[in-house]
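J.: quick one: sequence plus predicted model below, questions after.
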Amino acid sequence: MQSNSSMRTPLGRVRGLGSAKSGTGHFWLQRVTAVSNLILAIIFVFVVISLVGKPYPAAVATLGNPFIAILALLFILSACVHMRLGMQVVIEDYVHTEGLKILAVIANTFFAIAIGAASAFAVLKLSFGG
Amino acid sequence: MGGPLDRRMILAEVKPAARPLSPHLQIYRWSWTMAMSIAHRVTGTGLYLGTVLIAAWLVAAASGPAAYDAAQAVAGSIIGLLVLFLYSFALLHHMVGGLRHFIWDMGHGFDPQTRTNLAKYSVFVSGGLTLLVWIAALALR
Ligand code: HEM
Ligand code: HEM
């Protein structure tokens, strides 16, 4: 990391780079998915309220409804991208051992994708039946 | 302190300098903005971990009536209800905290009075919303 000589000043070497080496893209996508999370979370608070106490067939009918299923898939995508970005920042703030940090950031990505894949598969199965 | 030919005086100084470190939690006096900043991180992390439960619930629903009823029984237990209540509060608190971030991102709400009020009200707004959601859910059950 730290070389002993350089033509570039420390400021010059870090300018434009966040700790993730692509600071503004990360920041911006976190905001964009925060906006989509905001809209979709409000919708799903109502969906979940409507599900309370419903028997299985009614719950499946609600979750499998094409409109709700599409919104659910969008929420899954939006939330998983957002939470992966957010947790990466938390990891970068607290884990300073380089190898451990890389492992944690990779594990974070795997976690977000695994949660997203399982949730999306469940929603699709509820919609298409079988 | 080298002569004019010391390359350090020509090229950039890149030795790690002994810079002052910023103090952390145990140094600062607690304030509303600090507490709500921490709450945003804590709720974000809680929501993150809780997605395991949401995914498990969706998979149970997709697996058939037996698995769904089992998941509903867990969700309806005392511990299940407590976790659900905390999760709904975390979501709504994080959501209201996110709105605060949007206000800041637009360049507003930085003066001391406003930022303290924004932090303070975010607790009451999100707490009130959580109670409303639970009242609605129990009333419509
Ligand atoms: C309900 C709508 C949501 C809004 C408006 C929202 C907004 C935000 C914003 C603006 C940030 C960046 C804060 C910063 O830069 O310091 C953030 C961070 C974060 N969000 Fe969300 N979010 C929402 C939902 C979620 C959900 C559903 C999850 C997880 C499943 C989540 C997990 C996180 C995490 C882990 C962070 C990082 C926390 C940190 O760096 O301190 N958010 N959120
Ligand atoms: C949950 C809300 C919290 C927030 C928003 C927060 C925020 C931060 C930030 C922004 C940094 C600087 C990261 C960097 O640039 O290196 C930091 C560092 C640190 N935080 Fe926190 N913090 C929180 C909670 C905690 C807690 C609960 C602890 C310990 C019990 C803690 C321990 C530390 C330590 C030890 C560092 C220094 C890490 C280092 O630079 O070596 N933090 N925190």
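T.: Yep, it's here. Numbers count the residues shown, from 1 in each chain, chains lettered A, B, ... in the order given. Ligands and ions are numbered 1, 2, ... in the order given.
J.: for residue A:48, what are its contacts?
T.: Taking Cβ atoms under 8 Å, 6 or more residues apart in numbering or on different chains as the contact definition, residue A:48 lies against residue B:137. Bear in mind the C-beta positions are built from the backbone N, C-alpha and C, glycine included.
J.: for it, give me the pLDDT.
T.: We have a pLDDT of 95 for residue A:48.
J.: phi, psi for it please.
T.: phi -70, psi -40 (degrees, to the nearest 10).
J.: how far away is it from ligand 1?
T.: 13 Å (Cβ to the nearest ligand atom, to the nearest Å).
J.: please apply the same query to residue B:20.
T.: In terms of Cβ to the nearest ligand atom, residue B:20 sits 24 Å off from ligand 1.
J.: burial of residue B:42, as a residue count?
T.: Residues lying near residue B:42 (other Cβ atoms under 10 Å in any protein chain shown) number 13.
J.: that one sits in which helix or strand?
T.: helix B:32-63 (DSSP states H and E).
J.: next one: residue A:112
T.: helix A:98-128.
J.: do residue B:27 as well
T.: Residue B:27 belongs to no helix or strand, assigned by DSSP H and E.
J.: show me what counts as buried in stretch A:58-76.
T.: A:59, A:60, A:62, A:63, A:64, A:68, A:69, A:71, A:72, A:73, A:75, A:76 (16 or more other Cβ atoms under 10 Å in any protein chain shown).
J.: pretty sure residue B:75 is touching residue B:81, no?
T.: Yes: at 7.4 Å, residue B:75 counts as touching residue B:81 under the criterion of Cβ atoms under 8 Å.
J.: circling back to that earlier point, just the buried residues of stretch A:58-76 now: which is nearest residue B:89?
T.: Nearest to residue B:89 among these: residue A:75, at 18.9 Å, using Cβ to Cβ.
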